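Visitor: need coordinates for the below:
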Amino acid sequence: MEYFPYFLIVLFLAISIPQWWALYASRRLKGRRVDTPESGRHLYYFYSHYCPPCKLFRPTIEAFAEAHPGRVTMLNVEEQAETAQRFGVRGTPAIALVEDGVLQELRLGSQTPQRMERMLQGETD
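Guide: Residues are numbered from 1 along each chain as shown. Below is the predicted model of the structure:
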């Protein structure tokens, strides 16, 4: 009986399932009215104090928010759980693009400043 590396299958599933879920959730939630006070395109960044990727991404999002005043809102999911649930956030870090109160895109994981800039300009992948 030969050895089969089952751990590779488990590793593949552990890596790919969250990405599949993010794609499914983004498509399912697109067009949902989230009733935000901002008009135009706005980014909402969801983070957690206990999330290591959030800690690494924080300086990037803070610099991006300074470069785009009034267009980026940072929300802690522990303190604003209802808001995170309304947006459909299931993991952190997450970035939601809202245009005129309607959710347009939800992305899990840290994003590059160039990607966030394209999101604000309306370009999609």
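Visitor: so which residues of the chain form helices?
Guide: Counting by DSSP state H, the chain has helices at residues 6-29, 52-67, 81-87, 113-121.
Visitor: just the buried residues of the shortest one, please?
Guide: Read it as helix 81-87. Judged by neighbour count using 16 or more other C-beta atoms under 10 Å, the buried positions of helix 81-87 are 83-84, 86-87. (Each C-beta comes from the backbone N, C-alpha and C, glycine too.)
Visitor: closest one of these to Gly40?
Guide: Closest to Gly40 out of the buried residues of helix 81-87 is Phe87 (17.5 Å), distances taken as C-beta to C-beta.
Visitor: that closest one touches Ala96, doesn't it?
Guide: Yes: at 5.0 Å, Phe87 counts as touching Ala96 under the criterion of C-beta atoms under 8 Å.
Visitor: overlap of the contact sets of the two?
Guide: 34, 44, 46, 103, 106 (C-beta atoms under 8 Å, 6 or more residues apart in numbering).
Visitor: please pick the buried ones from these.
Guide: For these, buried by 16+ other C-beta under 10 Å: 44, 46, 103, 106.
Visitor: what's the most distant pair in the residues you listed?
Guide: Across the buried ones among the shared contacts of Phe87 and Ala96, no pair lies farther apart than Phe46 and Leu103, at 12.5 Å, counting by C-beta to C-beta.
Visitor: hey, what's in contact with both of these two?
Guide: 87, 96.
Visitor: next, count neighbours for Ala67.
Guide: For Ala67, the neighbour count with other C-beta atoms under 10 Å is 12.
Visitor: now Asp100. Nearest residue, chain neighbours left out?
Guide: Excluding the flanking residues, the one nearest Asp100 by C-beta to C-beta, 6 or more residues apart in numbering is Ser39, at 5.6 Å.
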